[in-house]
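A.B. asks: Would you be able to build a 3D model of this:
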Amino acid sequence: MDPVIEAIRREFAAHADPETCAKSQRFFKEGVRCYGIRTATVTAIAKKYWKEVKSREKPEIFALCEELYRSGMLEEAFVVSEWASRLADRYEPDDIAVFRRWIETYITNWATCDGLCNHAVGDYIVRYPEEIEELKRWTQSENRWMRRAAAVSLIVPAKHGEFLDEALAIADLLLTNTDDMVQKGYGWLLKEGSRKHTDEVFSYVMAKKQKMSRTALRYAIELMPKELRAEAMKKDW
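C.D. replies: From the prediction side, this is the model:
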């Protein structure tokens, strides 16, 4: 085992709190394995050890990330999310295959999905926008976290007004999905898109609301003015 991984695990073990771990379970329908450490502490530890690994070659850092993922521990997955996003200026086109494998193999809950995809995968797409087609393929995966990843990878760009057409296309591909984690994912994407494109997202919602789940609909309109939310929530068919 790499000494950095050993050091991280020692620190996590020292900070572990069974009571915090037990409380964390209420945020997940599926069981999670965790040390029970506050997010701010995990982030601080991840940043501390990033200073020790950042000079290594990217494939070696990716290998460390995979070793952390293999533990199945929530906090170790959060370290991966932190480190992977810090490699953004070193991304290359083939790195999407690494992210896809990680999601398919190691992601088992919404927190680790969003942690990796909101920033690392999102930053990758900003750098290589042509890979939106890869996200569209993820919408057809049998893996629920791949389908959620297709939407939440565009959250940050959408918040800044980017990729509206692509966000709507991904929402279309996920529109009738029955998994609530997927519904919340694309609903969240529409919500972030509405920050800069309220009219366009409202028009989309009005055109699609007969097919959208109420869960996705509520997420999508959350930031809209009260009168638009009321109009969207009318069951007028």
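A.B. asks: what's the burial count for the closest residue to Glu131 other than its chain neighbours?
C.D. replies: Distances taken as C-beta to C-beta, 6 or more residues apart in numbering place Ile96 nearest to Glu131, at 5.4 Å, with adjacent residues excluded. (Glycine included, C-beta is placed from N, CA and C.) Neighbour count for Ile96, taken as other C-beta atoms under 10 Å: 17.
A.B. asks: show me the contacts for Ile96.
C.D. replies: Counting by C-beta atoms under 8 Å, 6 or more residues apart in numbering, Ile96 makes contact with Val121, Tyr124, Tyr128, Glu131, Glu134.
A.B. asks: one more time with 7 Å, if that's ok
C.D. replies: Tyr124, Glu131, Glu134 (C-beta atoms under 7 Å, 6 or more residues apart in numbering).
A.B. asks: do the same with Leu68
C.D. replies: Per C-beta under 7 Å, 6+ apart, neighbours of Leu68: Ile5, Glu76, Ala77, Val79, Val80.
A.B. asks: what's the first-to-last distance across stretch 149-163?
C.D. replies: 15 Å (C-alpha to C-alpha, to the nearest Å).
A.B. asks: ditto for stretch 24-32
C.D. replies: Distance between the two ends of stretch 24-32: 8 Å, counting by C-alpha to C-alpha.
A.B. asks: Now that stretch: average pLDDT?
C.D. replies: Average pLDDT, stretch 24-32: 89.
A.B. asks: With stretch 68-76 instead?
C.D. replies: Mean predicted confidence for stretch 68-76 is 97.
A.B. asks: got it, and stretch 37-49?
C.D. replies: Averaged across stretch 37-49, the pLDDT comes to 96.
A.B. asks: Give me the secondary structure label for the residue most central in space within the chain.
C.D. replies: In the chain, the centroid-proximal residue (C-alpha atoms, centre = their mean) is Asp114; its distance is 2.0 Å. When classified by DSSP: H, G, I helix; E, B strand; the rest coil, Asp114 comes out as helix.
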